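>>> Structure of the sequence below:
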Amino acid sequence: MTSALVTVDAGSSSVKLAAYDLDGVEDIQPAQPRPPYASYGAKAPRRIAQAQVALAAGNQSPHFDHLLQTFTTENAIGDVRACAHRMVHGGMDFSASRIVDEATQEVLARLTEVAPLHMPIALEWIDLCRAHFGPSVVQIAVFDTAFFSDLPAVARLYAIPLQLQKTHGVRRFGFHGLAHASMLRQIQLVRPDLERGGRLITIQLGAGCSMAAINGGEPRDTSMGFSPLEGLVMATRAGDIDAGLLTFLQRRAAFTTESLERLLNTQSGLLGVSGLSADMRVLLESRSAEANLAIDLYCYRVRKYIGAYMAVLRGADLIAIGGGVGEHSPDIRQRILEGMEWCGISLDRKRNDAARGTEERSARISSAESSVDVWAIAVDEGAEIAREATSVYAEQLRRPQRQHLSST
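As a prediction, the model looks like this:
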């Protein structure tokens, strides 16, 4: 029976499960401390199964337990050696993937305050997998913030007193690191002529949305900050907002901290502006002025960040667009990038229309005249999680051997 690694990617709108072949894991190179990820140059293990389930409000562990049982039974996954979990936040403590022990889990639980849509579900899955597979199966945390752990100070800090930031562990962490790493990895494959991907702008558009400016494989800036709220307009999240508006709402409309969190996380973004839906597909089919306005605001914010990141990178060689919306919606890609010929971006309408989330990993959608390449990328966060987890697991397997050698 094939030994397996199970990966769990619990997002704000879906749970993605996958299983990977762990045979030969002893040959995988151990983790290295250097970011953006320990397994940066490693080959992903072979995927043997995958599943995705949309989340409805109020999903509880019995539903997840059934989902896990169905996944392992239907795919005949029996010899599970490790489970790897995408953790949205690593905070100030975790900038590299690690095995989850009791102390680690306690620290992760405290991070639910700044990532309330994701962390509780991810922690629930850790408990579930530990109970389902038993204590001998290691649980591994792979952090979405790790990719951005070495941002330059000017991109990492807020312009509030430094001592306050140090005292309370405040910084711009950045999120969706696994997605941006996946896009970077694929761009390096299709454009080997660019040194480690060149000057690259990556755009992740899903229920959550973020962008990154990357130069030679090193992240230089990203749109999400202290929490996943900052930056682009998202499905139900507001993105960039004047902090003065929040204090105004507290004074004028009697908003509490809890009601502000609900407003910004679950009642804003596409849903809040359109008054109709957080689903981009529904908005694109709607004829309402509010739905169209929501889409315009969504696309405008992305276009605005492209301009900003061109300034950060002093130009761009390539733009990569991924995520559920980014991969499947030619209309949104066109609305974002139209009229940007002035900076060297020109779409090929036929190529763009043909790129609709097919099995092809990468599709160039820019025209021959475009001096900036534009690619639609099928983001594979599962493969990134698996690379990281197998590297950590391989290091765990080596420990008894090293301990034995040191004692002889």
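
>>> Every contact and neighbour count from this point should use C-alpha atoms.
Noted.

>>> and stretch 150-157, how far apart are its ends?
Start-to-end span of stretch 150-157 (Cα to Cα, to the nearest Å) is 12 Å.

>>> Would you indicate which residues of that stretch are buried?
Within stretch 150-157, the residues scored as buried using 16 or more other Cα atoms under 10 Å are 150-151, 155-157.

>>> got it, and stretch 98-115?
Applying 16+ other Cα under 10 Å to stretch 98-115 flags 98-100, 108, 111-112, 114-115 as buried.

>>> give the contact list for Arg333.
Counting by Cα atoms under 8 Å, 6 or more residues apart in numbering, Arg333 makes contact with 326, 352.

>>> buried residues in the one helix or strand it maps to?
Under the criterion of DSSP states H and E, Arg333 resides in helix 330-337. Residues of helix 330-337 classed as buried: 330, 332-334, 336-337 (neighbour count, 16+ other Cα under 10 Å).

>>> Quick check: what element follows that helix along the chain?
Sequence order places helix 349-354 as the next helix or strand after helix 330-337, per DSSP H and E.

>>> I'd like to know which elements that following helix is packed against.
Using 3 or more Cα pairs under 8 Å, 6 or more residues apart in numbering; DSSP states H and E as the contact test, the elements touching helix 349-354 are helix 330-337, strand 362-364.

>>> List the strands paired with the shortest one, with their directions.
Read that as strand 362-364. If you go by DSSP bridges, strand 362-364 pairs up with strand 373-377 (antiparallel).

>>> Report the inter-axis angle for the strand it pairs with versus helix 330-337.
150 degrees (axes from the mean of the first three to the mean of the last three Cα atoms, to 10 degrees).

>>> Identify the residues contacting strand 373-377?
183, 186, 317-323, 326-327, 345, 347, 355, 361-366.

>>> Are any of those residues buried, and if so which?
For the contacts of strand 373-377, buried by 16+ other Cα under 10 Å: 183, 186, 317-323, 326-327, 345, 347, 355, 362-366.

>>> Find the least confident helix or strand in the protein, judged by mean pLDDT.
None of the helices or strands of the chain scores lower by mean pLDDT, DSSP states H and E than helix 381-407, at a mean of 74.

>>> Count residues in the vicinity of Ser346, would you?
A count of nearby residues for Ser346, using other Cα atoms under 10 Å, gives 23.

>>> and what of Ser329?
When neighbours are counted by other Cα under 10 Å, Ser329 registers 21.

>>> Next up, the contacts around it.
Going by Cα under 8 Å, 6+ apart, Ser329 touches Arg356.

>>> picking that back up, what about the buried residues of stretch 98-115, which are in helices?
Among the buried residues of stretch 98-115, the members falling in helices (DSSP state H) are Leu108.
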